[in-house]
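> the sequence and its predicted three-dimensional model are supplied below.
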Amino acid sequence: MKKGIAYLILSLYTLIMSYYLYTHQYYNADIEAYMGLVYKANHPEMKIEEIHHKVYTELKDKNPKLFEVSVGREEEAIGENSYYKTLSENPKAYEEELQLFSVKPFYNFINSIFFKMGFPASTSTFLITIISYILIVFLIFVFLSQILKSNFLALTLTLLLSLFKPLLDTSRHATPDALSCILLLLSIYFVARKRNLFVATVLGMLCILTRPEYFIFYILSLVVLYIFKNEFRIKTKELFFSLIYLFLSFALIQYFNQIPWSVLFMNQFTKVQIYPISNPDPFNFHEYVSFVKSKIFFEFNTSYFVLLAIFIIVIADYKLVLKKNPKTILFLSFMGIIYLTVFIRFLLFPILVNRMMVGFYLVIILSLIAYQSSKKEIIQSLP
């Protein structure tokens, strides 16, 4: 199959999928906060009461059930079933809630651009999600066509991966997850395929400014790159400057952040904080430990990480590990930092929602395909 035909098929497919995603958005709970930040950025003179009225007036036509008290489910955090109803009725509480979502400045910046272009506030928050989905699909095809040397096989796998449930779910939420996913994939692509650490660092900074917790992954990645710097033809000085830039992007977010991690944790997992800035509850370390212990097996077992770990172990081939093959060690090291990142992130935020993990899922799957396709070459190079 010629590459031009593959791109044509992929273009038509993503056009159809874009329409589907646009007309089947979830209008999830976080959208009201991102809409409020859009209004604040574009109309700084607007009072919170007016922003509050505009946001909830628009959303009542989209998802009216969002603002009802949820009585059919057990509360995880005390007060969460009535939380969004409280926010819909209390502009002061809503104003403080916005600070929980202001730590994703790049995503909020993109949303503001769409709003300036004339889109409604609610639409502005998920357009970048749909665009990110399209870019992810095309990037997967580009990568696979380079690795597999077969446009037909690359296209087939790309179409299958585009239907991967966590990716589709992510693309139907007004959240930064799809944007951070494409930035993550692009940053890894520019290191692994293009050997361009500068561009990868810029993309990594944007990824951190979209979802700050990716700072953990990028710092661990620099450690692996330092160990294998000759393989990637990267100088120590370049790694050092990359570390500085990534740290500054994370520090910038923390400098303007008004809500500490402890309050964020309580708000999500133990007791909802109606006023997280002006009147937060005291943090209880015992409650934190108990919650983490109660969730760790459930969250990992209901994610895809256990299943993917089985494929990693099978495909890696213990004989190549025993012979200390450099490519095998690099592959396992890279997989190791992903799992270590996920575990550290879990300790800070003990939930593994698939839409938040989709970037790591895709990285693992694509790495498995790339390693498997190169295994014959690896075996032939053995003494």
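Thanks, I have it.
> so, low pLDDT: which residues of the stretch 51-200 of the chain?
The model of the stretch 51-200 of the chain has pLDDT under 70 over residues 64, 66, 69-73.
> swap the cut-off to 80 and go again
In the prediction, the stretch 51-200 of the chain carries residues with pLDDT under 80 at positions 61-77.
> now do the helices in it.
Listed in chain order, the helices of the stretch 51-200 of the chain (DSSP state H, counting those that start in this stretch) span residues 83-89, 91-97, 105-116, 121-148, 151-162, 165-170, 177-192, 197-210.
> which one of the ones you listed lies nearest to residue 361?
In terms of Cβ to Cβ, the element of the helices of the stretch 51-200 of the chain nearest to residue 361 is helix 165-170, at 5.9 Å. The way it works is simple: take the backbone N, C-alpha and C, and place the C-beta from them, glycine included.
> which strands and helices sit next to the closest one?
Contact analysis of helix 165-170 by 3 or more Cβ pairs under 8 Å, 6 or more residues apart in numbering; DSSP states H and E lists helix 121-148, helix 177-192, helix 354-381 as its packing neighbours.
> out of these, which comes closest to residue 75?
When these are ranked by proximity to residue 75, the top entry is helix 354-381, at 21.3 Å, counting by Cβ to Cβ.
> what's that closest one packed up against?
Helices and strands touching helix 354-381, as assessed by 3+ Cβ pairs under 8 Å, 6+ apart, comprise helix 121-148, helix 151-162, helix 165-170, helix 177-192, helix 305-316, helix 318-322, helix 326-348.
> report the central residue of the chain.
When the chain is reduced to its mean C-alpha position, the nearest residue by Cα atoms, centre = their mean turns out to be residue 177, at 3.6 Å.
> just give me the neighbour total for the closest residue to residue 335 other than its chain neighbours.
Among residues not flanking residue 335 along the chain, residue 312 sits closest, at 5.3 Å (Cβ to Cβ, 6 or more residues apart in numbering). The burial metric for residue 312, expressed as a neighbour count using other Cβ atoms under 10 Å, is 20.
> any idea how far residue 330 is from residue 312?
Using Cβ to Cβ, to the nearest Å, we find residue 312 at a distance of 13 Å from residue 330.
> residue 26 against residue 170, yeah?
No - counting by Cβ atoms under 8 Å, residue 26 sits too far from residue 170 to count as a contact (10.4 Å).
> those two: which is more packed in?
Neighbour totals were compared for residue 26 and residue 170, and residue 170 leads with 26 against 16 (other Cβ under 10 Å).
> give me the nearest residue to that one, chain neighbours excluded.
residue 355 (4.0 Å).
> per-residue confidence at the one you found?
Residue 355 is assigned 93 on the pLDDT scale.
> count the neighbours of it for me.
21.
> what residues are up against it?
Residue 355 makes contact with 166, 169-170, 173, 175, 177 under the criterion Cβ atoms under 8 Å, 6 or more residues apart in numbering.
> and the two most separated of those residues?
Comparing all pairs in these by Cβ to Cβ, the longest separation belongs to 166 and 175, at 12.6 Å.
> when these two are compared, which one has more neighbours?
In this comparison of residue 166 against residue 175, neighbours counted by other Cβ under 10 Å, the higher total goes to residue 175 at 24 against 20.
> and that one, what is it in contact with?
By Cβ under 8 Å, 6+ apart, the contact list for residue 175 reads 28, 30, 129, 355.
> so how far is residue 100 from the closest residue to residue 126 other than its chain neighbours?
If you skip the residues right next to it in sequence, residue 126 has residue 174 as its closest partner in space, 4.2 Å away by Cβ to Cβ, 6+ apart. In this structure, residue 174 and residue 100 are 15 Å apart, going by Cβ to Cβ.
> more crowded one of the two?
Neighbours were counted for residue 174 and for residue 100 using other Cβ under 10 Å; residue 174 has more, 27 against 20.
> mean confidence score for the host helix or strand of residue 37?
For residue 37, the enclosing helix or strand under DSSP states H and E is helix 31-42. Average pLDDT, helix 31-42: 95.
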